[in-house]
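Undergrad: A predicted structure for the sequence below; I have some questions about it.
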Amino acid sequence: MRKIAVLTSGGDAPGENPCIRAVVRTAIGHKLEVVGIHRGYAGLIDADMEPLNARSVGGIIQKGGTCLETARCPEFETEEGRRTALRNLNRHGIEALVVIGGDGSQTGALKLHQMGFPVIGVPATIDNDLAFTDMAIGVDTALNTLLDAIDRIKDTASSHQRAFLVEVMGRHSGYLALMGGIAGGAEAIVIPEVETSCEELAERVKDAYVRGKAHFIAVVAEGAKPDTQTLAQHLSGRELGFEVRVTILGHVQRGGSPTAFDRLLGTRLGAAAAQQLIKGQKGKMVGLIGNKVVATDLEKVLATPKSVDLEFYKLAQMLER
Ligand code: ADP
Ligand code: F6P
């Protein structure tokens, strides 16, 4: 093998830059040429790419986002789109690809692999919704960002004796809300994986007020049912003691300098992805399992739902007093 490529796809995640750097420098260390594809699968279809050397990935380890840019590319979900992408890979003499991204991106990677092109996936998504990795790149930084926000909201909530619904990202997963809620000392956590009714939450707010709490923070996952707006409508205008406010944290959770954990994770997984290709492996995703880097077949990864550990939910409930 002489030449490989790397791309980032889907929602960006802090730690993707350290990962790109590790892919590039590991591959160069093994005398391979490396091409960076811009804007994920969209760049593959448009042949938007550039050669990368060790210097091209200098000074990026501390930066959030992705220096290769990313995109959501519906065209790649079609057979025709993927054929165009394959043609471009072949035309540029690229023999293997590292795909850094979330579950959609890894699904795209599996499809390329099934078309006979060697691919290794690296999990990067703040949602932490990919199986066969304890943590995806970006989760730790996002958690720290949302914790900082929760701490700040708590200050103002206590000053005004208010209840806040703080909506956090995670798409269909409650991982960020659950871990952020526990680490932020929230009074309630609302996640898609556990049924919560509007009435139950209202009772808990009222009860917390009666118990003399200074504030009530409910961390609500964006995928929760009922959703934040429905919960807020139900709570507002009722005699709960606390006045109710809503904060939707949004994309602030995706940005920022990667934490030490995400830099190390990105670096380890990026190096492992390049090494897998060098060893002739393909169709796998590298992940972190019990602090060891493990490569698992993409097919198996994507056929396995990742569920949040409900022991953490029980722990949170025990501490919400
Ligand atoms: P993430 O990778 O962060 O989960 P998306 O779900 O938006 O983000 O997926 C990113 C991109 O991966 C999509 O825009 C598309 O190009 C590709 N992708 C997603 N699902 C598929 C699929 N079923 N087949 C082929 N490509 C896909
Ligand atoms: O998958 C990462 C994520 O940030 C989800 O948590 C969220 O639902 C989604 O992406 C937001 O997507 P966009 O950046 O396209 O608005």
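TA: Right, received. Where do you want to start? In this text, all values refer to a predicted model and were calculated from it rather than measured experimentally. Ligands and ions are numbered 1, 2, ... in the order given.

Undergrad: Only C-alpha atoms from now on, for both contacts and neighbour counts.
TA: Fine.

Undergrad: For residue 248, see how far away the residue in the stretch 201-321 of the chain positioned nearest to ligand 1 is.
TA: Residue nearest to ligand 1 within the stretch 201-321 of the chain (Cα to the nearest ligand atom): residue 302, separated by 10.6 Å. Using Cα to Cα, to the nearest Å, residue 302 is found at 30 Å from residue 248.

Undergrad: Show me where the stretch 201-321 of the chain has its strands.
TA: Secondary structure of the stretch 201-321 of the chain (DSSP state E, counting those that start in this stretch): strands at 216-221, 243-248, 284-289, 292-297.

Undergrad: scratch that, the stretch 1-150 of the chain is what I was asking about
TA: Remark: strands assigned in the stretch 1-150 of the chain by DSSP E, counting those that start in this stretch are 3-9, 33-37, 49-52, 96-101, 119-123.

Undergrad: And the longest one, what does it pack against?
TA: The one in question is strand 3-9. Applying 3 or more Cα pairs under 8 Å, 6 or more residues apart in numbering; DSSP states H and E, we find strand 3-9 packed against helix 16-29, strand 33-37, helix 40-46, strand 96-101.

Undergrad: so which of those comes closest to residue 89?
TA: Nearest to residue 89, of all those, is helix 40-46, at 7.4 Å by Cα to Cα.

Undergrad: Would you mark the buried spots in the longest helix anywhere in the chain?
TA: Assignment by DSSP state H gives helix 139-160 as the longest helix of the chain. Within helix 139-160, the residues scored as buried using 16 or more other Cα atoms under 10 Å are 139-147, 149-150, 153-154, 157.

Undergrad: Go ahead and confirm residue 89 touches residue 44.
TA: Yes. The criterion here is Cα atoms under 8 Å, and residue 89 meets it with residue 44 at 7.4 Å.

Undergrad: Name the residue in the two with the higher neighbour count.
TA: residue 44 (24 against 20; other Cα atoms under 10 Å).

Undergrad: Which residue, other than its chain neighbours, is closest to the more buried one?
TA: In this structure, residue 44 finds its nearest non-sequential neighbour in residue 85, 5.0 Å apart by Cα to Cα, 6 or more residues apart in numbering.

Undergrad: Over to residue 81?
TA: Residue 81 sits nearest to residue 75 (Cα to Cα, 6+ apart), 5.2 Å away.

Undergrad: got the phi/psi numbers for the residue of the stretch 1-150 of the chain found nearest ligand 2?
TA: Nearest residue of the stretch 1-150 of the chain to ligand 2, counting by Cα to the nearest ligand atom: residue 11, 4.7 Å away. Dihedral pair for residue 11: phi -60, psi 130, per degrees, to the nearest 10.
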